[in-house]
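Engineer: Test case, fold it:
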Amino acid sequence: MLNGSQALAVPLSQWSGHWTNENPVQKFSPVEFIDWLFEKNIIGENEKIRMTDDVEKGWSFTSSIPIGHGVGSSGAYVAAVYDRYLCEKKSVGKVDASAIMASMESFFHGSSSGMDPLVSFENKAVLKDDAGIFHVINDPGWPEGYKVYLWNSGISRTTGPLVQVYKNKIQDPGFLSFIQHSLISMVDHAIHFYLSSTASMLEECISVISQFQRAHFTEMIPDAVMKTWDVVIEKNGVYMKLCGAGGGGYYMIISTKGEDITLPGCIQIH
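Structural biologist: As a prediction, the model looks like this:
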């Protein structure tokens, strides 16, 4: 996405979150986040007072979404904050809303497209087209016969440093050209075939993406994950890919021939 590819993200029903003031468990200091939002002029004095007052009253956003696993925990939190404190005041369209939430989520990652928060906010699939415009769409789902899993590597990671690793890699003009002409075109094709439920062509794209990531994103694949990755893809019609920035957390396993995946830590999402 940093280099202009299309993107598609869909909500998962396995996890959720809500505001509560009953025995809240804070995963980080919300006061630090509030101060940062105020310093960046994302919130005003009134919002800061209200948010700080809620923290003092014990309100927090509690979520079942695993943190540091590439499945949108920060996006869900940002969407919840936007919805509770900024949505009514801003009263803006989806493009502006995603831009505001992108600014908010950059607190956690250093940079953000705003896509994950928008998915959580709308609770629907979001497509970013090749012009960079977000569209809230109906998710057609995976083609018949596909089985899709998230495998928990058991390794927590922080997104920001991994994004910086990628930014450093694309400083090489040759590698950037490789990304633009090989990976981005394949991602765009994969999204097209997913949305049109063209199973065989989608599988071809997934295979290429999986191989590309395994060969060229080794910094995002810990050694233990690499071993599992190589074993998994030995099976016919089974592929593995990063979730988010990789580096740990969840990895996606896609089985296109109906093969069941029984790895410990695997949950089937389709």
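Engineer: Strands of this protein, start to end?
Structural biologist: Under the criterion DSSP state E, the chain contains strands at 7-9, 17-20, 60-63, 125-128, 134-137, 147-152, 238-242, 250-255, 266-268.
Engineer: Show me what the third one is packed up against.
Structural biologist: When contacts are defined as 3 or more CB pairs under 8 Å, 6 or more residues apart in numbering; DSSP states H and E, strand 60-63 packs onto strand 17-20, helix 73-81. Where you see a C-beta, it was placed from the backbone N, CA and C, and this is true even at glycine.
Engineer: Repeat that for the second one.
Structural biologist: Helices and strands touching strand 17-20, by 3+ CB pairs under 8 Å, 6+ apart, are strand 60-63, helix 73-81.
Engineer: how's this protein carved up into domains?
Structural biologist: 7-137, 147-268 (automatic domain parsing).
Engineer: Would you tell me which of the ones you listed gets closest to residue 1?
Structural biologist: Among the domains of the chain, the nearest to residue 1 by CB to CB is domain 7-137 (5.0 Å).
Engineer: Quick one: mean pLDDT for the closest one?
Structural biologist: Domain 7-137 shows a mean pLDDT of 88.
Engineer: Burial-wise, tell me which of the helices and strands packed on strand 17-20 comes out on top.
Structural biologist: Neighbour counts (mean count of other CB atoms under 10 Å) averaged over each of these peak at helix 73-81, with a mean of 25.
Engineer: just to revisit the earlier point, any chance of a markdown table for the helices and strands packed on strand 60-63, columns distance to residue 241?
Structural biologist: Shown next, in a markdown table, are these (distance: least, CB to CB, whole Å):
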| stretch | distance to residue 241 |
| --- | --- |
| strand 17-20 | 25 |
| helix 73-81 | 19 |
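Engineer: Reformat the domains of the chain into JSON lines and put distance to residue 1 next to each item.
Structural biologist: As requested, the domains of the chain are exported to JSON lines (distance: least, CB to CB, whole Å):
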{"stretch": "domain 7-137", "distance to residue 1": "5"}
{"stretch": "domain 147-268", "distance to residue 1": "9"}
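Engineer: what's the distance between residue 245 and residue 224?
Structural biologist: Residue 245 sits 17 Å away from residue 224, going by CB to CB, to the nearest Å.
Engineer: swap in residue 134?
Structural biologist: Residue 134 is 35 Å from residue 224, where distance means CB to CB.
Engineer: Looking at the two, which is more packed in?
Structural biologist: residue 134 (22 against 12; other CB atoms under 10 Å).
Engineer: Enumerate the beta-bridge partners assigned to that one.
Structural biologist: With DSSP bridges as the criterion, residue 134 is bridged to residue 128.
Engineer: Contacts for the helix ranked longest in the chain next, please.
Structural biologist: Using DSSP state H, we find that the single longest helix of the chain is helix 199-216. In this structure, residues lying in contact with helix 199-216 by CB atoms under 8 Å, 6 or more residues apart in numbering are 143-146, 175, 178, 182-183, 186-187, 189-190, 193-194, 220-221, 226, 229-230, 233, 237, 239-242, 246, 254, 256.
Engineer: Any of those residues buried? List them.
Structural biologist: Buried subset of the contacts of helix 199-216 (neighbour count, 16 or more other CB atoms under 10 Å): 143, 146, 183, 186-187, 189-190, 193-194, 220-221, 229, 233, 237, 239-242, 246, 254, 256.
Engineer: Could you verify my assumption that residue 106 touches residue 112?
Structural biologist: Yes. Counting by CB atoms under 8 Å, residue 106 touches residue 112, with 4.9 Å between them.
Engineer: more crowded one of those two?
Structural biologist: residue 112 (23 against 19).
Engineer: Could you verify my assumption that the more buried one touches residue 98?
Structural biologist: No. Counting by CB under 8 Å, residue 112 does not reach residue 98; the two are 9.6 Å apart.
Engineer: follow-up on the earlier one: mean neighbour count, the strands of the chain: which tops it?
Structural biologist: Counting by mean count of other CB under 10 Å, strand 250-255 has the highest mean neighbour count of those, with a mean of 22.
Engineer: so what secondary structure elements neighbour that one?
Structural biologist: strand 147-152, helix 223-232, strand 238-242.
Engineer: if you set the cut-off to 10 Å instead, what comes out?
Structural biologist: When contacts are defined as 3 or more CB pairs under 10 Å, 6 or more residues apart in numbering; DSSP states H and E, strand 250-255 sits against strand 147-152, helix 199-216, helix 223-232, strand 238-242, strand 266-268.
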